[in-house]
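A.B. asks: this one's structure only:
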């Protein structure tokens, strides 16, 4: 008697004619593989849900044809997520509309696919949430949750100067990630002006020393991709900021 039907509880396998003749060991192997894929998909869905990425971007859809100074070799290297494994950082700079946020979300999505926890926040919302948590007595818990995340994406950093509380919160976040997690920061403001945004030379030195000196940097340039693509059919996801 063929033991396969008794072993299989997967409707798709039961309805596959070729599967009916498989020996018991092959049925078991198929079931184990399918169960493992199912759990992997569920874990990925949970990571993506927790990441709260702003855009549905994937590295495979990256536009390398539009001239914007995107270093193809470096970006593809970053897509391998070795920098996340090594607790390094990434800074993506450039003017508005050149696709910084899209690239950040694509790298965040790839990190989720590679098994890393990710959390995305635009800088203004992150600092607003930190302020709310402070007022409600939840700040230590929020900072601890951020610390446990392997990749923190801070999108749209600057150009508004930080307050004293924001400077301290940012230093706390950056310091907590030392040799534990990675940062990905996008900004229209050149790194040379980050001291101005931080607003304190001492804290600025401490923050930049922990981030910029360990960061891969993608510097984009050119006009807004939104302006270049004038018809609805020409609008692509990587034009988003």
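C.D. replies: Thanks, I have the structure now. What you see is a predicted model, and the numbers here were worked out from it, not measured in a lab.

A.B. asks: and residue 155, that one's in a strand?
C.D. replies: Yes. Applying DSSP: H, G, I helix; E, B strand; the rest coil, one finds residue 155 inside a strand.

A.B. asks: I figured it hits residue 186, correct?
C.D. replies: Yes. With contact defined as CB atoms under 8 Å, residue 155 reaches residue 186; the gap is 5.0 Å. Every C-beta, even on glycine, is put in place using the N, C-alpha and C of the backbone.

A.B. asks: mutual contacts of those two, please.
C.D. replies: For the pair residue 155 and residue 186, residues contacting each of them under the criterion CB atoms under 8 Å, 6 or more residues apart in numbering are 100, 101, 104.

A.B. asks: ok, residues contacting the strand or helix carrying the second one?
C.D. replies: Per DSSP states H and E: residue 101 is located in helix 100-113. Taking contacts as CB under 8 Å, 6+ apart, the residues outside helix 100-113 that touch it are 44, 47-48, 51, 53-59, 61-62, 70, 75, 78-79, 81, 84, 90, 92-94, 118, 120, 150-151, 153, 155-156, 184, 186-187, 218, 220, 237-241.

A.B. asks: tell me the buried residues within those residues.
C.D. replies: For the contacts of helix 100-113, a neighbour count by 16 or more other CB atoms under 10 Å gives the buried set as 47-48, 51, 53-55, 57, 59, 62, 70, 75, 78-79, 81, 84, 90, 92-94, 118, 120, 150-151, 153, 155-156, 184, 186-187, 218, 220, 237-241.

A.B. asks: spatially central residue in this structure, please.
C.D. replies: Centre of the chain computed as the mean C-alpha position; nearest residue by CA atoms, centre = their mean is residue 108, 1.9 Å away.

A.B. asks: the closest residue to that one other than its chain neighbours and residue 190, how far apart?
C.D. replies: Closest residue in space to residue 108, ignoring its immediate chain neighbours: residue 118 at 4.7 Å, by CB to CB, 6 or more residues apart in numbering. The gap separating residue 118 from residue 190 is 26 Å, by CB to CB, to the nearest Å.

A.B. asks: one more: residue 168?
C.D. replies: For residue 168, the distance to residue 190 (CB to CB) stands at 24 Å.

A.B. asks: and residue 105, by the same measure?
C.D. replies: 22 Å.

A.B. asks: and those two? Which one has more around it.
C.D. replies: Comparing residue 105 with residue 190 by neighbour count (other CB atoms under 10 Å), the higher total belongs to residue 105, at 26 against 11.

A.B. asks: what pLDDT does the model give the more buried one?
C.D. replies: Per-residue confidence (pLDDT) for residue 105: 98.

A.B. asks: between the helix or strand following the helix holding residue 101 and helix 100-113, how big is the angle?
C.D. replies: Using DSSP H and E, the helix or strand that follows helix 100-113 towards the C-terminus is strand 118-122. Put simply, strand 118-122 runs at 160 degrees to helix 100-113, going by axes from the mean of the first three to the mean of the last three CA atoms, to 10 degrees.

A.B. asks: who does strand 118-122 pair up with?
C.D. replies: Within its sheet, strand 118-122 is paired with strand 151-157 (parallel), according to DSSP bridges.
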